[in-house]
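[1] no FASTA, just this:
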């Protein structure tokens with residue numbers, strides 16, 4: 001069972017398992033749904049779980065592991081060999097209470113900053129490689145009378161998540177992996193110097209969310225839908241020059257950009273800040289878990305744990321592998337190849353922390369308080385205090 005409801009996405013996923021199934025004489029029945037959470041809960045609670053499920057969020061996976069519904073993958077995989085193959089940190093995404101109950105199968109890279117070409121270069125700008133260079137670039141754009149950032153955080157009932165991604169990307173680079181994990185667990189408060197510092201870096205690089213630094217200022221940020229917020233980059237001349245968003249945003253670019261992306265858009269990795277923590281990757285993705293004792297399902301999980309399993313989907317596009325040694329030349333475009341190279345060279349990868357927090361925090365108070373803070377309706381002290389108070393006892 002997967003969250004893949006789109007016909008093309010389903011076909012790409014099946015391309016990674018059907019050749020194996022045919023070779024091994026195994027019949028695979030795939031059930032994809034855009035209401036995955038409801039369906040998987042119904043199946044598991046009804047005593048009819050799928051053999052394998054691909055979870056789009058580790059929180060739901062861990063809830064089911066807590067209920068004792070899934071297998072420890074140590075029973076079917078050589079986890080030392082798997083960990084050696086995976087990008088550092090990705091095996092942790094499937095771990096619950098010292099058991100590996102999920103295996104990262106497909107990554108979605110979030111640590112990307114997009115910009116328009118050739119307009120970016122024609123304006124005299126070059127992609128920064130460090131945070132200091134990014135600060136200098138934004139200041140140069142403002143001095144030139146240009147707006148650096150296109151940012152929209154409106155997303156209906158999920159408004160705020162693009163802003164939390166900013167804070168999370170910064171947190172990985174300023175506080176590191178252990179502090180970020182402690183933050184997720186509620187052991188490091190939002191009011192701590194480490195987390196407050198990430199909020200403050202976000203505020204600083206966007207000029208206090210002013211309209212000199214962000215198109216539309218703070219009002220534009222909270223009222224512009226995330227999917228529409230990149231479009232002004234492609235105006236003539238660009239209304240703003242940089243957009244921090246995950247790889248999926250390419251599907252929201254104007255049609256002419258999507259048809260020939262390498263002529264219209266490029267990206268640079270979200271830059272490192274503290275040398276101690278290198279340049280990590282903030283990710284999302286799909287995590288495979290095993291529910292049953294079906295021997296064929298166990299063998300399929302063993303296949304899915306290999307780098308080779310993802311090759312057909314990688315060649316079709318829309319797939320980034322979690323394996324460090326994956327052949328990035330298989331990706332069909334230069335943009336995807338360089339995204340893959342960034343992943344394999346990242347100091348470590350970590351799944352979106354807010355997706356791992358208790359729901360009342362990560363998809364609750366974190367969203368609402370950061371929106372109020374950006375909108376100027378509360379100060380940072382009150383915002384982080386409000387988030388901390390939302391953590392369950």
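    Yes, it's here. Here the structure is a predicted model, which is why all the values come from computation and not from measurement.
[2] where does this structure have low pLDDT?
    For the chain, no stretch is flagged by pLDDT under 70.
[3] domain assignment for it?
    7-109+281-353, 112-278+357-390 (automatic domain parsing).
[4] could you dump the ones you listed to JSON lines with distance to residue 1 and mean neighbour count?
    From N, CA and C alone the C-beta is placed, and that goes for glycine too. As requested, these are exported to JSON lines (distance: least, CB to CB, whole Å; neighbours: other CB atoms under 10 Å):
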{"stretch": "domain 7-109+281-353", "distance to residue 1": "4", "mean neighbour count": "18"}
{"stretch": "domain 112-278+357-390", "distance to residue 1": "21", "mean neighbour count": "18"}
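[5] what about the closest residue to residue 5 other than its chain neighbours, which helix or strand?
    Among residues not flanking residue 5 along the chain, residue 34 sits closest, at 3.8 Å (CB to CB, 6 or more residues apart in numbering). Assigned by DSSP states H and E, residue 34 falls within no helix or strand.
[6] next SSE after the helix or strand hosting residue 37?
    Using DSSP H and E, residue 37 sits in helix 36-45. Counting by DSSP H and E, the element after helix 36-45 in chain order, helix or strand, is strand 52-55.
[7] that following strand pairs with which strands, parallel or anti?
    Note on strand 52-55: by DSSP bridges, its sheet partners are strand 281-290 (antiparallel).
[8] the strand it pairs with relative to helix 36-45, how many degrees between them?
    30 degrees (axes from the mean of the first three to the mean of the last three CA atoms, to 10 degrees).
[9] contacts only, for residue 211.
    147, 217, 220 (CB atoms under 8 Å, 6 or more residues apart in numbering).
[10] swap in 10 Å and give it another go.
    147, 217-221 (CB atoms under 10 Å, 6 or more residues apart in numbering).
[11] measure the residue lying closest to residue 346 once chain neighbours are set aside to residue 20 for me?
    Computed as CB to CB, 6+ apart, the closest residue to residue 346 that is not its neighbour in sequence is residue 281, at 4.0 Å. Residue 281 sits at a distance of 28 Å from residue 20 (criterion: CB to CB, to the nearest Å).
[12] try residue 227
    Distance from residue 227 to residue 20, by CB to CB: 35 Å.
[13] cool, and residue 176?
    38 Å.
[14] and what of residue 308?
    Distance from residue 308 to residue 20, by CB to CB: 9 Å.
[15] same deal with residue 362?
    35 Å.
[16] could you do residue 12 as well?
    15 Å.
[17] same question, residue 307
    Taking CB to CB, one finds residue 307 at 14 Å from residue 20.
[18] residues in contact with residue 371?
    Residue 371 touches 153-154, 159-161, 163-164, 218, 221-222, 377-378, 383, counting by CB under 10 Å, 6+ apart.
[19] OK, contacts around the nearest residue to residue 360 once chain neighbours are set aside?
    Leaving aside its chain neighbours, residue 360 sits nearest to residue 390 (5.2 Å; criterion: CB to CB, 6+ apart). Residues near residue 390 by CB under 10 Å, 6+ apart: 190, 357-362, 364-366, 368-369.
[20] secondary structure element holding the residue lying closest to residue 212 once chain neighbours are set aside?
    Of all residues not flanking residue 212 in the chain, residue 142 sits nearest, at 5.3 Å (CB to CB, 6+ apart). Here residue 142, judged by DSSP H and E, is contained in helix 131-143.
[21] who are the neighbours in contact with residue 154?
    Going by CB under 10 Å, 6+ apart, residue 154 touches 160, 162, 220-229, 371.
[22] ok, back up a step: from what I see, the residue nearest to residue 212 and residue 210 are in contact.
    Yes. Taking contacts as CB atoms under 10 Å, residue 142 lies within contact range of residue 210: 9.3 Å.
[23] I'd say residue 296 and residue 29 touch.
    No. Counting by CB under 10 Å, residue 29 is not a contact partner of residue 296; they are 11.3 Å apart.
[24] what touches both of those two?
    Common neighbours of residue 296 and residue 29 are listed as residue 51 (criterion: CB under 10 Å, 6+ apart).
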